[in-house]
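*Asks:* When you get a sec, could you give me coordinates for this:
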Amino acid sequence: MQLDLDLVRTKLPAHIRNPDPELYRSGNYVALDFETTIVGKGLALYPENSIVLSVWRLGPGHPRYKPGKDLFFSWRNEYGLGQLVKDCEAADFIIAHNAKFELQWLDRCGLDTTEVVVWDTMLAEYVLGGNRWTWGQLSLENCGKRRVEEGKLSIIGGMFKVGLCSTEIPASWLKDYCIQDTLLCEKLYHAQLKATDGTRLLPVVYTRCLLTPALADLEKNGMYLDQGMVAEMREERERDYAEVLKDLEDATGGINVNSTLQLREHLYETLGFAELKDRRGNPIRTASGLPKTDQATIQRLKPKTDKQKQFLELFTRSKELYNELTKYLRKFDDCCNEVDGWLRGQFNQTNTRTHRLSSSGLDYNTQFQNFPRQYKPIFQSRHKGWFIGEADGAQLEFRVAAHLGRDKVALGDIVQGTDIHNVTASIIWPDDCPDGLLDDPDIKHPMRQGAKEHTFKPLYGGRSGTPEQVRYYEFFREKYGGVTETQQSWINSVLKDGELETEWGMRYYWPDTEMQHSGYVTNSTSICNYPVQAFATAEIIPIGLAYFWHYLKKTDLQMLIVNTVHDSIITELPPNEVEDFDALSYRCMVEEVYGYLDTIYDVRLEVPLAAGVAHGEHWSDNMAKANERVYTAEPALYVQAA
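*Replies:* The predicted structure is shown next:
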């Protein structure tokens with residue numbers, strides 16, 4: 001029986017059913033901070049950790065607030081913090097710095113985090129900074145000094161940096177430290193809230209914080225590797241790597257290619273490569289004036305002899321295999337051998353300048369989002385017979401660009417279902433274009449897959465490449481004139497003011513932007529890129545993911561969200577929930593997004609969004625590709641351009 005999603009919606013918490021950033025002005029809050037044991041940086045994800053000390057402060061609008069009796073502390077662990085849980089339940093929102101950490105602990109305390117709204121002072125400062133501040137500048141101490149001219153107790157911070165546990169620090173010192181952090185966090189909230197006055201940034205803060213409980217819960221799940229496939233792939237790559245190293249040794253006479261001195265001599269004296277030169281014809285060299293031997297330089301060298309070509313091929317292949325093994329496959333294999341393939345990651349909310357999420361491995365220092373495509377099929381469900389389901393925003397960034405540019409041609413292509421990758425391939429490789437390609441959507445250009453990396457490159461300021469690629473980029477800019485003109489207006493605005501305010505209120509800053517003698521405006525690529533990428537993957541997808549998580553929590557479905565990758569949501573689901581997965585994907589990634597953008601940002605999308613869904617025994621395997629389906633918004637949902 002398929003879900004009644006309208007009924008499920010009535011069960012959603014009020015801040016999801018009727019989102020309202022103005023709740024942050026209510027004064028009914030709890031500001032809190034935990035000191036914990038330090039395994040894995042003190043994360044609640046590690047069962048051996050526990051809370052050592054809790055400090056919380058009630059806001060003046062809290063039901064239990066009493067002047068002078070609003071600050072509380074407890075030395076009990078997470079199983080003895082019932083009063084804190086009750087205070088959080090009675091609050092409109094919780095204030096914390098890097099609130100995902102506190103939410104995972106509050107979950108262990110027994111708080112229902114689906115009912116929680118947070119004001120994360122780290123995220124708020126991130127939003128206020130636009131693209132100026134990232135994670136390293138967003139510690140509580142740095143934010144405090146920047147925003148309220150107040151720091152932390154440096155002596156305690158120093159103890160933590162050298163690896164001391166909270167239990168090893170004198171109790172009175174630890175208490176003072178935790179109280180100071182809590183009060184500093186509260187001061188930051190007030191200063192940050194005031195800083196949003198006169199801007200449209202408060203809704204952006206709300207959106208960033210809305211996703212935090214979902215990410216806190218999602219990190220508990222992780223993904224599972226297929227142990228047999230990992231072992232087979234690693235053995236194959238190890239064998240290939242050994243063979244390439246042997247061939248490289250034979251080709252170079254046994255030099256150590258990791259020795260800068262030996263590699264430089266081989267490249268420029270033995271093989272006779274010409275050094276790279278700058279625009280004035282001068283050799284591009286190291287600071288000490290020596291020919292460069294870094295990998296980026298070597299890959300740009302132009303081979304003119306068979307030996308030069310052979311070396312470049314072998315050297316490049318050896319580096320590719322080394323990266324595959326050291327960054328992924330050896331770590332994946334360790335994960336399979338040590339924890340049965342359970343790979344966990346952390347989602348980083350403040351590491352990118354566009355504001356999209358990034359990720360890092362939790363126990364194994366590897367990516368958790370940007371896996372190379374060839375590794376996706378080695379992930380499977382933790383339950384035998386279940387599927388991996390993936391829902392993504394179909395051609396999302398192109399649709400977003402069409403909206404931001406109010407581009408009628410792009411809108412027409414989207415509505416008509418034009419295969420833009422086919423068009424790209426037909427222009428770059430016209431001689432391989434099958435008859436009827438552009439008239440019949442079922443005809444695919446043989447180079448369609450290879451065209452994907454070029455299709456939307458002009459959206460991000462891409463102009464250079466082969467003559468054929470440049471021809472396509474010029475075609476794109478001319479065809480989609482609305483997008484091109486809008487992006488040029490962004491560049492002009494930044495050139496004039498040093499900053500750009502987006503349609504939904506986010507602000508980005510490029511104060512060093514200038515026009516060069518050639519007419520090129522510095523930072524143009526970022527200026528063209530940020531609004532498109534941010535609206536698609538820092539606003540729309542997080543909104544969809546937050547709703548998907550909340551809807552799922554109000555059902556009896558067994559499916560589990562296990563990852564999110566920029567424009568997609570990855571789940572594990574039993575076969576009997578495939579239809580529900582499809583329905584949830586469309587409801588949350590399409591329908592709810594329109595309403596949220598209208599309500600929170602006063603933005604009415606003029607393009608149809610679409611959710612592409614697929615499922616298979618492994619992530620992105622052939623079975624999943626065969627099951628791909630696309631659900632496109634009905635015209636009633638979006639404002640159609642006249």
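*Asks:* Can you give me every residue that contacts Y631?
*Replies:* Residues in contact with Y631, defined by Cβ atoms under 8 Å, 6 or more residues apart in numbering, are D582, S585, Y586, V590, A610, A611, G612, V613. (C-beta placed from N, C-alpha, C; glycine too.)
*Asks:* hang on, the last one in a helix?
*Replies:* No - counting by DSSP: H, G, I helix; E, B strand; the rest coil, V613 is not found in a helix; it is strand.
*Asks:* give the contact list for it.
*Replies:* Going by Cβ under 8 Å, 6+ apart, V613 touches G389, E390, A391, D392, F581, D582, S585, E628, R629, V630, Y631.
*Asks:* Quick check: beta-bridge partners of it?
*Replies:* For V613, the beta-bridge partners are A391, R629 (DSSP bridges).
*Asks:* Okay, now the unreliable bits of the stretch 101-250 of the chain?
*Replies:* 153-154 (pLDDT under 70).
*Asks:* Show me where it has its helices.
*Replies:* Along the stretch 101-250 of the chain, the segments classed as helices by DSSP state H, counting those that start in this stretch run 121-129, 140-147, 154-161, 171-195, 202-218, 227-252.
*Asks:* Can you spell out which helices and strands pack onto the second one?
*Replies:* Under the contact definition 3 or more Cβ pairs under 8 Å, 6 or more residues apart in numbering; DSSP states H and E, helix 140-147 sits against helix 121-129, helix 171-195.
*Asks:* could you dump the ones you listed to CSV with distance to Q488 and mean neighbour count?
*Replies:* Formatted as CSV, the helices and strands packed on helix 140-147 follow (distance: least, Cβ to Cβ, whole Å; neighbours: other Cβ atoms under 10 Å):
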stretch, distance to Q488, mean neighbour count
helix 121-129, 26, 25
helix 171-195, 31, 19
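*Asks:* returning to that earlier point: narrow the contacts of V613 to just the buried residues.
*Replies:* G389, E390, A391, D392, F581, D582, S585, Y631 (16 or more other Cβ atoms under 10 Å).
*Asks:* want to throw these into CSV with pLDDT?
*Replies:* Shown next, in CSV, are the buried ones among the contacts of V613 (pLDDT from 0 to 100):
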residue, pLDDT
G389, 97
E390, 96
A391, 97
D392, 95
F581, 97
D582, 97
S585, 97
Y631, 94
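*Asks:* from those residues, which single one is nearest L12?
*Replies:* Ranked by distance to L12 (Cβ to Cβ), the buried ones among the contacts of V613 are led by S585 at 16.7 Å.
*Asks:* neighbours of S381, just the number please.
*Replies:* 23 (other Cβ atoms under 10 Å).
*Asks:* Please tell me how far it sits from G341.
*Replies:* 11 Å (Cβ to Cβ, to the nearest Å).
*Asks:* Find me the pLDDT at the nearest residue to Q104 once chain neighbours are set aside, would you?
*Replies:* Nearest residue to Q104 in three dimensions, chain neighbours excluded: A44, at 3.9 Å (Cβ to Cβ, 6 or more residues apart in numbering). Note for A44: predicted pLDDT of 97.
*Asks:* lowest-confidence helix or strand of this structure?
*Replies:* helix 154-161 (a mean of 75; mean pLDDT, DSSP states H and E).
*Asks:* Output the contacting helices and strands for that helix.
*Replies:* Helix 154-161 packs on helix 171-195, going by 3+ Cβ pairs under 8 Å, 6+ apart.
*Asks:* now the helix it packs on against helix 202-218, angle please.
*Replies:* 140 degrees (axes from the mean of the first three to the mean of the last three Cα atoms, to 10 degrees).
*Asks:* Run through this structure and note the low-pLDDT ranges.
*Replies:* 1, 153-154, 640-642.
*Asks:* same thing but at 80, please
*Replies:* 1-2, 134-135, 151-162, 370-371, 435-442, 449, 461-462, 622-625, 640-642 (pLDDT under 80).
*Asks:* in it, which residue is closest to the centre?
*Replies:* L357 (2.3 Å; Cα atoms, centre = their mean).
*Asks:* Quick one: neighbours of the closest residue to it other than its chain neighbours, just the number.
*Replies:* Nearest residue to L357, sequence neighbours excluded (Cβ to Cβ, 6+ apart): F347, at 5.3 Å. If you count neighbours by other Cβ under 10 Å, F347 ends up with 21.
*Asks:* which one of the helices of the stretch 101-250 of the chain lies closest to D87?
*Replies:* Closest to D87 of these is helix 171-195 (Cβ to Cβ; 13.0 Å).
*Asks:* ok and that closest one relative to helix 154-161, angle-wise?
*Replies:* 100 degrees.
*Asks:* ok, now how distant is the closest residue to T114 other than its chain neighbours from R604?
*Replies:* Excluding the flanking residues, the one nearest T114 by Cβ to Cβ, 6+ apart is K553, at 4.9 Å. Distance, K553 to R604, using Cβ to Cβ: 29 Å.
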